[in-house]
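J.: Turn this into a model:
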Amino acid sequence: MVRPYYDNGAPAISIMGLNSELRRMLRGKVGARMIALESKRRLRVERERRRERSMLAELDQQPAQLREEFAQMSASELAAHFQSRTSPKFFPGFASPSLTAERQKTLFPEQTEELLHAAGRIVEHHSWPLLGLGEKCFGASEIEWHRDPFSGQVWPPSYHADINLLRNDGSDARVVWELNRLGHFITLGRAYAITNDENFSAEFFSQLASWRAQNPVGRGVNWTSAMEVALRAMNLLAAFALFLRAPQMTGKLPDLLMMLDQHGAHIERNLEFSHLGTSNHYLSNVAGLLWLGLLLPELKAADRWREFGARELSREMEKQILPDGAHFECSTGYHRYVLELLLYSLLLVRANETRLDKNYLDALWPRLRSMLEYVRAYLRPDGKAPLIGDSDSGQVLPIIQRAGDDHAYVLALGAAAFMDSKFKLPGAPLPAELLWIFGDTGVDDYQALIDGPAATSTEFRDVKIAVLRDGDNYLLLNASDVGMNGRGSHRHNDALSVEVSSCGTPFLVDPGTYVYTADLHARNLFRSTAYHSTIEIDEVEQRTLDEQTPFAIGSEAAARVLAWESTSEHDYVQAEHTGYERLSAPVTHRRAITFNKANRWWLIEDELLGKGNHKIAIRFHFAGELEVKLLNGQSVIACDRVSGACLVIRALDLDGAVELEPRFTSRQYGSKTNSVSACWTTEISGPCKLRWAIIPVCAGDDLHARINVIKKYREAVR
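T.: Have a look, this model is predicted:
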């Protein structure tokens with residue numbers, strides 16, 4: 001069976017299917033030499049997969065391959081070695097869990113009670129929150145590791161490369177993978193550190209045995225992606241540190257080491273590398289090998305994994321991080337994920353300098369800083385992130401489960417890593433991750449930093465994002481391309497879309513992602529042009545979409561920023577895209593935005609440059625839970641029922657009535673809420689220009705006085 005393309009992985013395929021598969025995947029900048037290399041690689045992988053398939057039973061029973069001096073040790077001697085060793089070093093908070101637990105209770109008393117309650121639910125009911133699905137029970141007596149929490153469907157125990165990830169039965173591999181990343185083991189481990197309650201350690205070892213029994217090496221959906229295997233290994237390493245001194249560890253240590261060794265070997269056999277392009281998947285593979293090789297030098301393969309992981313992580317970050325600091329897949333959700341991956345990996349390397357040639361990774365610290373600067377710039381005034389492109393809520397080492405738009409905690413970690421107040425958000429709460437990653441001293445050092453300065457208007461030239469902001473007023477213009485040199489899989493049809501926040505309220509937002517394969521129709525809706533605050537022409541998508549290929553998107557809407565200016569009085573940006581130049585009567589969409597800082601409003605000017613007759617739909621997608629009403633024939637007003645803040649959008653050149661269209665918004669993978677778009681439609685013949693006024697009205701502002709800024713503008717331009 002040919003496994004469908006999922007994300008940016010590179011599945012092995014038969015010789016017969018090779019040409020058609022390559023044709024489908026040949027998007028972006030791909031040369032003849034690259035095609036030849038990829039063809040040879042895939043044939044080699046096919047041969048290696050046949051060998052792996054024939055050895056599954058042997059691989060599943062193979063104990064940990066330890067260095068000779070450790071292979072001769074008894075289980076008790078091995079446990080004593082791990083419990084007494086001072087090197088390598090894990091994160092300080094995990095390395096001294098009892099000390100960290102005391103500070104946890106002092107700094108986070110309410111969170112500590114919630115943590116213990118959550119851990120108790122895991123023990124008593126096998127229940128914990130998963131993504132946006134809320135709390136789920138994953139099996140009353142024993143956890144069903146192959147049951148899809150979203151659909152209830154059970155994934156088959158087939159050879160991992162034979163599993164079809166697009167089943168059209170409501171199942172979503174992303175959701176079952178989240179369950180099997182075993183991030184909840186960190187919750188159990190932190191609760192154990194705080195209480196020394198052996199019920200938590202007993203549950204950990206029981207679930208570990210259950211998982212091992214239901215997931216023999218190389219069989220089932222939980223082995224299909226080496227990225228998932230790597231993330232699971234990282235979480236297991238964290239749990240290992242937290243439960244290291246539990247009484248049961250002595251007897252269970254050989255099994256845990258076997259499991260970790262098997263994970264590393266599986267990653268090495270199934271690297272998600274492709275000459276056509278690598279992504280966050282391959283980056284996760286090499287980071288996983290780096291962690292295993294760095295933290296388990298007792299394994300025979302440790303040196304090889306450590307050196308390979310460091311070398312490839314360095315190469316990939318040089319390739320995947322744009323000069324302006326944005327990740328090259330042009331998704332803020334995946335930017336957060338890759339930022340965590342790099343930050344945690346570099347911190348481990350820094351703590352274990354003698355075990356690795358630092359030349360590989362020293363040069364990545366400036367790139368890490370640029371990634372943090374990008375986050376600081378795109379965060380809204382409320383501290384949340386715009387969800388540009390896909391966001392699957394993925395986290396590395398989920399000490400706290402964070403929503404997809406919660407990126408501020410990573411800035412706090414960055415502030416501690418660099419001891420730079422630039423990344424310390426004014427008034428932001430202390431994140432618990434800071435304590436567990438940096439330990440007691442790291443918290444004190446962070447708290448000694450002064451609050452950083454307010455964010456200012458910024459243009460990111462490489463990723464083509466512009467933020468026009470002043471104080472509490474924020475507008476983001478998105479002119480990003482599909483990413484990955486035209487082969488990106490996490491982009492949406494959002495060229496020249498805007499996000500707007502003011503008066504403490506997000507008003508215009510990207511709809512988010514919702515799901516991947518559970519509902520292919522919904523997947524397409526959430527990434528469609530009609531779900532974003534931009535212009536749709538003749539009901540055609542800006543970039544081609546195919547519902548049956550949920551991780552492919554065309555590259556037609558090439559965008560460029562034409563002008564950028566930022567002063568104390570105003571900001572100005574102009575950009576255009578070519579997505580509609582493929583129409584029989586080609587059209588270029590050019591959008592200019594002026595931010596009048598003194599009067600607190602934005603002017604959007606849309607130019608449609610081309611010939612012929614066209615039907616135009618101009619939409620603005622509002623956040624959920626706002627009360628959206630028509631104000632008059634040309635205007636719409638959206639109000640926050642709690643704060644009373646409002647946003648007025650007025651068409652300055654159209655007489656036709658605006659309509660409100662039902663939509664959805666997703667802030668966390670797997671969940672969605674009702675929202676609406678305001679839509680103006682018109683027909684044009686030849687070039688035209690349309691203008692929109694966007695006016696925030698904070699609580700206490702006079703609505704009529706605020707709307708009068710439009711009258712003053714019109715008088716000024718006559």
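J.: what comes up buried for stretch 500-516?
T.: Buried residues in stretch 500-516, counting neighbours by 16 or more other C-beta atoms under 10 Å, are found at 500-503, 505-516. The way it works is simple: take the backbone N, C-alpha and C, and place the C-beta from them, glycine included.
J.: To clarify, my last question referred to stretch 524-539.
T.: Counting neighbours by 16+ other C-beta under 10 Å, one finds that the buried residues in stretch 524-539 are 524-537.
J.: which among those gets closest to A226?
T.: The nearest member of the buried residues of stretch 524-539 to A226, counting by C-beta to C-beta, is R527 at 25.6 Å.
J.: ok, now which ones touch the nearest residue to that closest one once chain neighbours are set aside?
T.: Beyond its immediate neighbours in the sequence, the residue positioned closest to R527 (C-beta to C-beta, 6 or more residues apart in numbering) is H492, lying 3.9 Å away. Taking C-beta atoms under 8 Å, 6 or more residues apart in numbering as the contact definition, H492 lies against 388-390, 510, 526-528, 531-532, 553.
J.: Distance of H492 relative to R369?
T.: Between H492 and R369 the computed distance is 28 Å (C-beta to C-beta, to the nearest Å).
J.: again with L322
T.: Distance from L322 to R369, counting by C-beta to C-beta: 14 Å.
J.: Compare these two (neighbour count), which wins?
T.: In terms of neighbours (other C-beta atoms under 10 Å), L322 is the more surrounded of L322 and R369; the figures are 20 against 17.
J.: For the nearest residue to R369 once chain neighbours are set aside, report the pLDDT, please.
T.: Ranked by C-beta to C-beta, 6+ apart and with sequence neighbours excluded, the top spatial neighbour of R369 is F418, at 6.4 Å. Here, the pLDDT recorded for F418 equals 97.
J.: and the residue nearest to L508 when sequence neighbours are not counted, what does it touch?
T.: In this structure, L508 finds its nearest non-sequential neighbour in V500, 4.1 Å apart by C-beta to C-beta, 6+ apart. Counting by C-beta under 8 Å, 6+ apart, V500 makes contact with 474-475, 506-508, 602, 647, 694, 696.
J.: Which other helices and strands does the longest strand belonging to the chain contact?
T.: In the chain, ranked by residue count with DSSP state E as the criterion, the top strand is strand 673-685. Contacts of strand 673-685 with other secondary structure elements, assessed using 3 or more C-beta pairs under 8 Å, 6 or more residues apart in numbering; DSSP states H and E, are made with strand 613-621, strand 626-630, strand 659-665.
J.: if you set the cut-off to 10 Å instead, what comes out?
T.: Using 3 or more C-beta pairs under 10 Å, 6 or more residues apart in numbering; DSSP states H and E as the contact criterion, the neighbours of strand 673-685 among helices and strands are strand 535-537, strand 613-621, strand 626-630, strand 635-640, strand 646-651, strand 659-665, strand 688-697.
J.: just how off-centre is stretch 45-59 within its chain?
T.: Averaged C-alpha coordinates place stretch 45-59 at 32 Å from its chain's average position (C-alpha atoms, centre = their mean, to the nearest Å).
J.: Looking at it now, give me its mean pLDDT.
T.: In this model, stretch 45-59 has a mean pLDDT of 96.
J.: Can you give me the distance of A326 to T534?
T.: 20 Å.
J.: what do you get for F205?
T.: The separation that F205 has from T534, given C-beta to C-beta, amounts to 52 Å.
J.: Could you do A265 as well?
T.: Computed with C-beta to C-beta, the distance linking A265 and T534 is 47 Å.
J.: How about Q111?
T.: With distances defined as C-beta to C-beta, the gap from Q111 to T534 amounts to 40 Å.
J.: And for A585?
T.: Using C-beta to C-beta, A585 is found at 20 Å from T534.
J.: cool, I694 as well?
T.: In this structure, I694 and T534 are separated by 14 Å, where distance is defined by C-beta to C-beta.
J.: E499: what secondary structure?
T.: Each residue gets one of three states, and E499 gets strand by DSSP: H, G, I helix; E, B strand; the rest coil.
J.: So what sits opposite it in the bridge?
T.: Counting by DSSP bridges, E499 forms beta bridges with L476.
J.: just the helices in the stretch 301-450 of the chain please.
T.: 302-320, 332-351, 364-378, 408-418, 432-448 (DSSP state H, counting those that start in this stretch).
J.: Give me the buried positions along the fourth one.
T.: Applying a neighbour-count criterion of 16+ other C-beta under 10 Å, the buried positions in helix 408-418 are 408-417.
J.: ditto for the second one
T.: Neighbour counts over helix 332-351 (16+ other C-beta under 10 Å) mark 332-349, 351 as buried.
J.: Run through the neighbouring helices and strands of the longest helix seen in the chain.
T.: Secondary structure assigned by DSSP state H gives helix 32-54 as the longest helix of the chain. Packed against helix 32-54, as judged by 3+ C-beta pairs under 10 Å, 6+ apart, are the following elements: helix 15-25, helix 249-269.
J.: Quick one: distance of that helix to the chain centre.
T.: Between the mean C-alpha location of helix 32-54 and the chain-wide mean there is a distance of 29 Å, by C-alpha atoms, centre = their mean.
J.: before we move on, what about stretch 301-318?
T.: 22 Å.
J.: Keeping just the C-alphas, turn that stretch into CSV.
T.: Output for stretch 301-318, consisting of C-alpha atoms alone and laid out as CSV, is shown next (Å, rounded to 0.1, in the frame of the first residue of the first chain):
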residue,chain,number,x,y,z
ALA,A,301,24.9,4.4,19.6
ALA,A,302,25.1,7.6,21.8
ASP,A,303,28.2,9.1,20.2
ARG,A,304,26.9,8.6,16.7
TRP,A,305,23.4,10.0,17.5
ARG,A,306,24.9,13.0,19.4
GLU,A,307,27.3,14.0,16.6
PHE,A,308,24.8,13.4,13.8
GLY,A,309,22.0,15.2,15.7
ALA,A,310,24.2,18.2,16.4
ARG,A,311,25.6,18.5,12.9
GLU,A,312,22.1,18.1,11.2
LEU,A,313,20.4,20.4,13.7
SER,A,314,22.9,23.1,12.8
ARG,A,315,22.5,22.6,9.1
GLU,A,316,18.7,22.6,9.3
MET,A,317,18.4,25.7,11.4
GLU,A,318,20.7,27.5,9.0
